[in-house]
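Asker: I would like to see how this sequence folds:
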Amino acid sequence: MLPSSTVENYLKTIYLGSTGAQGTEPRLLPMGQLAAALGVTPGTATTMVKTLAESGLVHYEPYTGVMLTRAGRRLAALVLRRHRLVELFLVQVMGFGWDEVHDEAELLEHVVSDRLIDRMDEMLGRPEADPHGDPIPDAEGVVKKQQAQTLLTCPVGTRMTVTRIIDQDKQFLRFVEQHDLKPGESVEVEERDDASDSVRLRGKDNRRITIGARAASKLLVQVARALLLVLAVTSLARAQDPSATGAPGARPFEILDNSFLIEEAFNQDSGVVQTMGTFRVGRDREWDASLTQEWPLFGQTHQISYSIPYGVIAGARGVGDVMVNYRLQLTTDDRGRPAFSPRLSLIVPTGDSGRGLGDGGFGWQVNLPFSEQAGDTYLHWNVGFTQIPSADRPEGAHDVRQAHAGASAIWRAWPMINLMMEALVEGTERVTVSPGVRIGWNRGESQWVLGLAAPVAREDAATAVSAFTYLSYEFPFKR
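Answerer: Numbering: from 1, shown residues only. Purely as a prediction, here's the structure:
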């Protein structure tokens, strides 16, 4: 039997009804639900399902329900592939609104050829999801599983990323767009109120909105992939030498406390000062630099430092906001435990906020760095928070709050040459992955370290690649 548009509609509806929006294991779909979804009588649906069963496309159990066979699932997935690629093509190439394309795709999914669909897929860059976040099956009908929760079941107080809208109703899609809840947007559930059957959210630009529980159940979310990436950097690095993790006899690293984006948990040795300079330039020719100097205070346990930024941003050139830092060495990397040295910083509004060179108000930052050696690999991970209560930015005065997390793996290729991979998440919008290398050489009691990296940052659906250089000079100021 050739798959007519009616057959394809039945297969697609059974597929969606039996697996659910989150791709759960297939189950028998009751006939009443199938008939209601297709807008036909139960008798009409039963007659068609029996025909599909005779063709080997479904498994039908009278008075119970229907389920697709392997052949039926593949055909249904290919119909969904055509539908979702057409939707994405109409939005990205032809300029349709995302609330307009469902009905058009319902018609076109039955008439476009596989060759045209493959060309669309290639032209769109082999996308994984349509404009509503629905996963697009591949050319073999395989659907990538999505690990997601709804706004009714996700953790409270955790920043999540909207991944999928499971209601294609035009009015609902417009509601989602008006409240900045489209796939890719960041959102946090602040409170669920069972009495009023509502969910209070904090969304884009800290905008607070309240939606009904029914609407919340139609928005799928997951923890930001960036945070998972940060955890993966550490996990993969540990896996390289699991037997050496925490080994007290491991040969000490010749270069320490010289990461680029991720802070290492080591204070300066007593009587030794370190001066570090960085320079980063992007393709847009905007650049920024910084000068940092670290001083031990009465030994290694206490350390003070300062950081002075300078750069050219949006045509404005000048000094940014200076940071004055205190760091406490609570533990060192021995006895099978990681080094830990929490830092507290005062942000001083020395930059011109009107020109985009600062935030225009005093603030603070806390960072919790950990470091642990695993053979010839050093692992570092950070988590922290920044707040500027009275920031004065061009878009207006407000309370700026931002969390950050990061991790790095540094591999000792040679004693004085290290290969590096760093990942940093800032807030919920910006993710940076940075491969790099650092080379050191000793001159008497002093040490020089030169570093090069290529940070790749992703923010607001845009990717920026830059070049980064680092220079450190560490020397004793007393004998």
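Asker: CA only for contacts and neighbour counts going forward, please
Answerer: Fine.
Asker: remind me which residues of the stretch 251-400 of the chain are low pLDDT?
Answerer: Scanning the stretch 251-400 of the chain with the threshold set as pLDDT under 70 gives 314, 335, 393-398.
Asker: can you map out the strands along it?
Answerer: Residue ranges of the strands in the stretch 251-400 of the chain, as given by DSSP state E, counting those that start in this stretch, are 272-282, 287-297, 302-313, 316-319, 322-328, 339-340, 343-348, 363-374, 377-393, 396-414.
Asker: Could you do the stretch 1-150 of the chain as well?
Answerer: With DSSP E, counting those that start in this stretch as the criterion, the stretch 1-150 of the chain has strands at 58-61, 65-68, 149-150.
Asker: so which of these gets nearest V79?
Answerer: Closest of the strands of the stretch 1-150 of the chain to V79 is strand 65-68, at 13.8 Å (criterion: Cα to Cα).
Asker: contacting residues around that closest one?
Answerer: With contact meaning Cα atoms under 8 Å, 6 or more residues apart in numbering, strand 65-68 is reached by 11, 14-15, 18, 26-31, 49, 57-60.
Asker: what does the domain assignment say about the chain?
Answerer: Using automatic domain parsing, the domain parsing of the chain gives 5-123, 149-222, 225-476.
Asker: can you list those in TSV and add distance to V142 and mean neighbour count?
Answerer: Putting these into TSV (distance: least, Cα to Cα, whole Å; neighbours: other Cα atoms under 10 Å) gives the following:
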stretch	distance to V142	mean neighbour count
domain 5-123	7	18
domain 149-222	18	18
domain 225-476	22	18
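Asker: I'd like those written out as a markdown table, with distance to D138 added.
Answerer: As requested, the domains of the chain are exported to a markdown table (distance: least, Cα to Cα, whole Å):
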| stretch | distance to D138 |
| --- | --- |
| domain 5-123 | 7 |
| domain 149-222 | 18 |
| domain 225-476 | 22 |
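Asker: which helix is the longest one in the chain?
Answerer: For the chain, the helix with the greatest residue count under DSSP state H is helix 70-92.
Asker: Tell me which residues are up against that helix.
Answerer: The contact list for helix 70-92, computed with Cα under 8 Å, 6+ apart, reads 8, 11-12, 15, 56-58, 96-98, 101-102, 104-106, 108-110, 112, 117, 120-121, 124, 129-131, 134, 136-143.
Asker: Among the contacts of strand 65-68, which one sits closest to A374?
Answerer: Ranked by distance to A374 (Cα to Cα), the contacts of strand 65-68 are led by P26 at 44.0 Å.
Asker: Which pLDDT value belongs to the residue lying closest to V272 once chain neighbours are set aside?
Answerer: Residue nearest to V272 in three dimensions, not counting chain neighbours: P476, with 4.2 Å by Cα to Cα, 6 or more residues apart in numbering. Reported pLDDT at P476 in the predicted model: 90.
Asker: start at 6 instead
Answerer: From this message on, residue numbering opens at 6, which makes the last subject P481.
Asker: So what touches stretch 274-281?
Answerer: 273, 296-305, 475-484.
Asker: can you dump the C-alpha coordinates of it into PDB?
Answerer: C-alpha atoms of stretch 274-281 as PDB (Å, rounded to 0.1, in the frame of the first residue of the first chain):
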ATOM      1  CA  ASP A 274      54.500  31.800  48.000                       C
ATOM      2  CA  SER A 275      55.800  33.900  50.900                       C
ATOM      3  CA  GLY A 276      58.100  36.700  49.600                       C
ATOM      4  CA  VAL A 277      57.100  36.200  45.900                       C
ATOM      5  CA  VAL A 278      55.000  38.600  43.800                       C
ATOM      6  CA  GLN A 279      53.400  37.900  40.400                       C
ATOM      7  CA  THR A 280      52.500  40.400  37.700                       C
ATOM      8  CA  MET A 281      50.200  39.300  34.900                       C
END
